[in-house]
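1. after the sequence you'll find the predicted model.
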Amino acid sequence: MTPSTRPRPRPVAGTVTLWTLQVLLAVVFAFIALPKAMADPIAVAPFELIGLGIPGMVVVGWLELAGAIALLIPRLCGLALFCQIPLMIGATVLSAIATPDLVAIPAATLVLVCVVAWFRRHDTAALVRTVRRWLGANQGEFQESSQHVRSVGCGE
């Protein structure tokens, strides 16, 4: 990265604000995820309405719970926020259909997730660069492994 493209360091107040919002979002996601992940009957109705049923509800619950945990891990928080955006879009649409009077809650959560994700975009880009470097460094190892598998006749 050249000095002109390197992101400026975030002020301490900004960092504290982001982490406070992330912890708040993690608590919200854990709170809404647990009934879904544990297949609580009270959470089933909206998922039945759109045809996902209990299996879809449980999957969404575990994804939300994984996102809540990842929000608290510095290296993963930007990616977790990015992945929570489609879940929150779905939650907002589902709430608009099933309980229109409560649509403001997932909509506000979606806005917060988007705002924090925007401020964490450099962290997400750094994670992607790290993964690409790791994959590039290990590409030869993967190629050797696949050649060995072909040479011994495995996988045919």
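-> Great, that's in hand. Predicted model only: the values in this text are computed from it and were never measured.
2. what's the neighbour count on Ala137?
-> Neighbourhood size, Ala137 [other CB atoms under 10 Å]: 9. The C-beta positions use only the backbone N, C-alpha and C, and glycine is treated the same way.
3. okay, it and Val131: tell me how far apart.
-> For Ala137, the distance to Val131 equals 11 Å [CB to CB, to the nearest Å].
4. also Ala108?
-> Distance, Ala108 to Val131, by CB to CB: 32 Å.
5. same thing with Thr15?
-> With distances taken as CB to CB, Thr15 is found 24 Å from Val131.
6. one more: Thr124?
-> To Val131, Thr124 is 11 Å away according to CB to CB.
7. neighbour count winner among these two?
-> A direct count of neighbours by other CB under 10 Å for Thr124 and Val131 places Thr124 higher, at 18 against 11.
8. my guess is that one meets Gly78, correct?
-> Yes: with contact defined as CB atoms under 8 Å, Thr124 counts as touching Gly78 (3.4 Å).
9. can you work out which residues contact both of those two?
-> Ala117 (CB atoms under 8 Å, 6 or more residues apart in numbering).
10. would you mind finding the longest helix in the chain?
-> Counting by DSSP state H, the longest helix found in the chain is helix 12-37.
11. so what does that helix touch, helix or strand wise?
-> For helix 12-37, the packing partners by 3 or more CB pairs under 8 Å, 6 or more residues apart in numbering; DSSP states H and E come out as helix 53-70, helix 77-98, helix 104-119.
12. give me that answer again for 10 Å
-> Here helix 12-37 touches helix 44-49, helix 53-70, helix 77-98, helix 104-119, going by 3 or more CB pairs under 10 Å, 6 or more residues apart in numbering; DSSP states H and E.
13. what angle do the longest one and helix 53-70 make?
-> Looking back up the chat, that one is helix 77-98. Angle of helix 77-98 versus helix 53-70, following axes from the mean of the first three to the mean of the last three CA atoms, to 10 degrees, is 150 degrees.
14. so where's the protein shaky on pLDDT?
-> 1-8, 10, 139-156 (pLDDT under 70).
15. let's see 80
-> Within the chain, the segments meeting pLDDT under 80 span 1-11, 137-156.
16. my guess is Pro11 meets Thr17, correct?
-> Yes: between Pro11 and Thr17 there is a contact under CB atoms under 10 Å: 9.3 Å.
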